[in-house]
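K.L.:
no sequence on hand, only this structure:
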């Protein structure tokens, strides 16, 4: 189906001078000196302050909502309830798409009658100050009548369960069927079946959701907002009933996203309040608003049944996935699909069956989170590999080696990935790099664990994803890149700068990137799905190469040499082996300008466009490419207190080609910390749908006291479909960490805890044999 | 000593008038009509010191940390009325784009910044730490940052940056 990868296929006809170097990111100095404005730092004259009144109950009927006292309070400009809004809904289906029909999953903007989750908005307030808005909130009278709710997906699937969504709470199903599952199990010497559970996880970005909206002289609703997706402007326009070109989203550098700012947050509320009052309106979520106000990572129940030969070859795999979609659909169908496709992991499984279902409950709705279903699958498939290895008495790494998917072999959906598959190399290197084992001492036991993974980068190919970037050169030789891409902290904008200067042969201080404005920067799509570098990086590269082509042609004419002999480097233009032929880059640009030669280019990059997967068998192409790698962990477990300390953390990933190695390491180190929280300490606890952990003192993300120094080993196959052969690393960095820790804990204490997080209480119970 | 003249009576209806207070921030003097419940975080942001970030408003995250007479405090847990006359420095007050503080430069050069929202607070906490422990051990650094959450970096490069800056600051002191 596909030829083996050619390591030189993606290399430009330029030697890499900037790409692959740990250059200072364009956004770093402003952030270090406090000069960078975030979305919450903007104010306008006459600005109002907004608040959202939320339901304290997870399942209820709104029988009375009286806002008269709040409206009468001095300083209150507006109070909006569902009754004040026309019958419009908020779109929640996959964002940023440009022509696809979206699923009919739109959500009420404010509660009309039925409350489905704790925190669902009842009313919006705009007032002269935050204090007045808060006071007004306390003056709103309402009666909520409890309504039967359902709080776990297995109960919600049973006949007669309270219905939250649709007719039966089933919001999505996916199936994958490959080979002959019965024959596969018949050929097995042993069958191992285990069930793993993952928890609700909160993104806990440091910057709570915030925005500022105003209506301008053209009747355009402008919103400056912290978001991963400026192309929500279409959904916002639909929700407030204006044409798409009457909503403009301006991003800002985002104070963390991780998928939590992929869905709409404050935008529709702001648009409505600004439209109704005619004044600028600012809305900033408190931490508690943020915790109850955006979707969480899906808890999954993952049941793995593996048939295996005595020699370690896996003959069959039967996987059942159940995810808790919470109260509204949002991206649950896609998260589930990612989970189903990722279910077998980076292994060649010829006889495979996956049945996946996502179920609505009255818990908080769940949506995108770094790893997007693939991370949950990895928690299960990598623990299962250790369980299988133990059951048949084979070394954990050997079992993996006998089953790794290799370059050119088909994935779960029958798609042969176009790039190098270096899983084995990465796993072996990471494992080796753990070095000498720390000695056990007293009550402290030491354990080691490894997890390998396969993780897509780029969106589902049936979404027909595109991205645009514009590159231009000024007559003084400086470079401008314009692209709508949002920068959520990984250096998305800086990477475009590095790509552009690589192609144009100028230095980093000569480039400026303008990004994240839906009205004036070319639309680049979302910063989600580990797609920004792949998609927008390719667009920037294509644009820069077009500009380069015209500049080089003019220089070749000036020098009287073939175009292939023109060299652009260090802000200079020269001819190969002709020291007499040289000029500054600025002089060449000026020359082009005087002759009317175009000095800019707008380029669109298109991901492969495919049909949807076969609905019965799940076969076909789902993604353009995958990243492969592994994470190895050593832990110390205190058998008296149950406390787990991560001692060593080594990651080895094939990133294709680093654009900026420091930024790649940053992704890996940050992914390691988030994965550690996922494994050991983080859980959004809902009791009968009510959030029990509404702050950062109850929801425990790793601190500087908790994390080890991470060792990152970066391999470069130069085989990816991103610019210069890059693969994506944003999500992959996180995916293998939690299962590697879980495997290390099981190795240390000789018992496995099958549900995350592995808290001290669970460790102590496991050590005492208490279920 | 903090000056607190009026004391709010308990109960939601207690009414204490705002008064004009003077704060010294980054070497500037600002004056603002301030109600007694106004936190230093709110007062600083209202006065335009928006490098002081709001992350939780209850002392969990450290994004709002500022130096109060050289010691890092969470400005969200500090009432503006109580710090009149004290020396307040924010991250932006430590250095600027053209004249970066060694910590700022080290954070930039090490790639210790991702989304950057926690960065001003981390730099403030690190400055407070280095004032007390110019040659900090890894444990000192971890403890010194334990009140500051970062969700992006995993702290590895932050530790490196602080060690770099500490070395630079020590050698600058020796040169003097």
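P.N.:
Nice, thanks for sending it over. Computed from a prediction, not measured in an experiment: that's the story for all the values here.
K.L.:
switch to C-alpha atoms for all contacts and neighbour counts from now on
P.N.:
OK.
K.L.:
and the strands in chain B?
P.N.:
B:19-25, B:28-34, B:65-68, B:71-74, B:87-89 (DSSP state E).
K.L.:
of the ones you listed, flag the one that's most buried.
P.N.:
For these, average neighbour numbers computed from mean count of other Cα atoms under 10 Å in any protein chain shown are highest in strand B:65-68, which has a mean of 27.
K.L.:
which one of the strands of chain B lies closest to residue A:264?
P.N.:
strand B:65-68 (29.6 Å; Cα to Cα).
K.L.:
span of stretch A:116-133 from start to end?
P.N.:
25 Å (Cα to Cα, to the nearest Å).
K.L.:
mind listing what's buried in it?
P.N.:
Neighbour counts using 16 or more other Cα atoms under 10 Å in any protein chain shown place A:116-128, A:130, A:132-133 of stretch A:116-133 among the buried residues.
K.L.:
got CSV for the strands of chain B, with distance to chain A too?
P.N.:
Below are these laid out as CSV (distance: least, Cα to the nearest Cα, whole Å):
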stretch, distance to chain A
strand B:19-25, 14
strand B:28-34, 13
strand B:65-68, 12
strand B:71-74, 15
strand B:87-89, 12
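K.L.:
could I get those as CSV with mean pLDDT?
P.N.:
Below are the strands of chain B laid out as CSV (pLDDT from 0 to 100):
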stretch, mean pLDDT
strand B:19-25, 97
strand B:28-34, 96
strand B:65-68, 98
strand B:71-74, 98
strand B:87-89, 98
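K.L.:
which residue ranges of the stretch 1-150 of chain A form helices?
P.N.:
Assigned by DSSP state H, counting those that start in this stretch, the stretch 1-150 of chain A shows helices spanning A:28-32, A:68-72, A:130-138.
K.L.:
low-confidence ranges, chain B, go.
P.N.:
By pLDDT under 70, the low-scoring segments of chain B are B:1-15.
K.L.:
in contact with the most centrally placed residue in it, which residues?
P.N.:
Central residue check for chain B by Cα atoms, centre = their mean: the C-alpha nearest the mean position is that of residue B:66, 1.7 Å away. Applying Cα atoms under 8 Å, 6 or more residues apart in numbering or on different chains to residue B:66 gives the contacts B:52, B:72, B:73, B:74, B:75, B:88, B:89, B:90, B:91, B:121, B:124, B:125.
K.L.:
for the fourth one, which non-adjacent residue is closest in space?
P.N.:
By that I understand residue B:74. Closest residue to residue B:74 apart from its sequence neighbours, by Cα to Cα, 6 or more residues apart in numbering or on different chains: residue B:65 at 4.4 Å.
K.L.:
ok, now the last one?
P.N.:
In space, residue B:125 comes closest to residue B:72 once its chain neighbours are excluded; the distance is 5.5 Å by Cα to Cα, 6+ apart.
K.L.:
residues in contact with the one you found?
P.N.:
Counting by Cα under 8 Å, 6+ apart, residue B:72 touches B:65, B:66, B:124, B:125, B:128.
K.L.:
try 10 Å
P.N.:
Contact analysis of residue B:72 by Cα atoms under 10 Å, 6 or more residues apart in numbering or on different chains lists B:62, B:64-66, B:88-90, B:121-129, B:144, B:147.
K.L.:
can you name the two of the buried residues of stretch A:116-133 that are farthest apart?
P.N.:
A:116 and A:128 (31.1 Å).
K.L.:
enumerate the residues of the stretch 351-500 of chain A near chain B.
P.N.:
Contact residues, the stretch 351-500 of chain A versus chain B (Cα under 10 Å from any Cα of the partner chain): A:487, A:488, A:489, A:490, A:491.
K.L.:
and those residues as a markdown table, adding pLDDT, secondary structure and neighbour count?
P.N.:
Formatted as a markdown table, those follow (pLDDT from 0 to 100; DSSP: H, G, I helix; E, B strand; the rest coil; neighbours: other Cα atoms under 10 Å in any protein chain shown):
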| residue | pLDDT | secondary structure | neighbour count |
| --- | --- | --- | --- |
| A:487 | 98 | coil | 28 |
| A:488 | 97 | coil | 27 |
| A:489 | 97 | coil | 24 |
| A:490 | 97 | coil | 25 |
| A:491 | 97 | coil | 26 |
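K.L.:
could those residues go into TSV alongside distance to residue A:239?
P.N.:
As requested, those are arranged in TSV below (distance: Cα to Cα, whole Å):
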residue	distance to residue A:239
A:487	25
A:488	25
A:489	29
A:490	31
A:491	32
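K.L.:
where in chain A is pLDDT low?
P.N.:
Those would be A:1-14, A:96-98, if you go by pLDDT under 70 across chain A.
K.L.:
give me the neighbour count for residue A:72.
P.N.:
Applying other Cα atoms under 10 Å in any protein chain shown, we find 14 residues neighbouring residue A:72.
K.L.:
that one against residue A:135, yeah?
P.N.:
No. Counting by Cα atoms under 10 Å, residue A:72 sits too far from residue A:135 to count as a contact (11.5 Å).
K.L.:
looking at the contacts of residue B:72, which are in helices?
P.N.:
Within these, residues falling in helices by DSSP state H are B:121, B:122, B:123, B:124, B:125, B:126, B:127, B:128, B:129, B:144.
K.L.:
of all of chain B, which residue lies closest to chain A?
P.N.:
Across chain B, the shortest distance to chain A (Cα to the nearest Cα) belongs to residue B:115, at 3.5 Å.
K.L.:
and the nearest residue to that residue once chain neighbours are set aside, backbone torsions?
P.N.:
Take residue B:115 and drop its neighbours on the chain: the residue closest to it by Cα to Cα, 6+ apart is residue A:489, 3.5 Å away. Residue A:489 adopts backbone torsions of phi 120, psi -10, taken as degrees, to the nearest 10.
K.L.:
contacts only, for residue 61.
P.N.:
All of this refers to chain A. Residue A:61 neighbours (Cα under 10 Å, 6+ apart): A:111, A:112, A:113, A:114, A:115, A:116, A:143, A:144, A:145, A:146, A:147, A:148.
K.L.:
can you look at chain B instead?
P.N.:
With Cα under 10 Å, 6+ apart, residue B:61 has these contacts: A:206, A:696-697, A:703, B:54-55, B:74, B:118, B:121, B:146-150.
K.L.:
of all the helices of the stretch 1-150 of chain A, which lies closest to chain B?
P.N.:
The nearest among those, by Cα to the nearest Cα, is helix A:28-32 at 5.2 Å.
K.L.:
residue numbers of the stretch 651-771 of chain A in contact with chain B?
P.N.:
Counting by Cα under 10 Å from any Cα, the stretch 651-771 of chain A sits next to chain B at A:660-676, A:695-698, A:701-711.
K.L.:
mind checking which of these are in strands?
P.N.:
A:710, A:711.
K.L.:
buried among the residues of the stretch 651-771 of chain A next to chain B? Make that a ChimeraX selection.
P.N.:
The buried subset of those, as determined by 16+ other Cα under 10 Å, is captured in ChimeraX by this line:
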select /A:660,661,662,663,664,665,666,667,668,669,670,671,672,673,674,675,676,695,696,701,702,703,704,705,706,707,708,709,710,711
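K.L.:
okay, now the domains of the chain?
P.N.:
Here I'm looking at chain A. Listed domain ranges for chain A are A:28-36+A:466-606, A:39-147+A:212-283, A:300-408+A:421-461+A:612-767 (source: automatic domain parsing).
K.L.:
please go with chain B instead
P.N.:
B:19-93, B:95-175.
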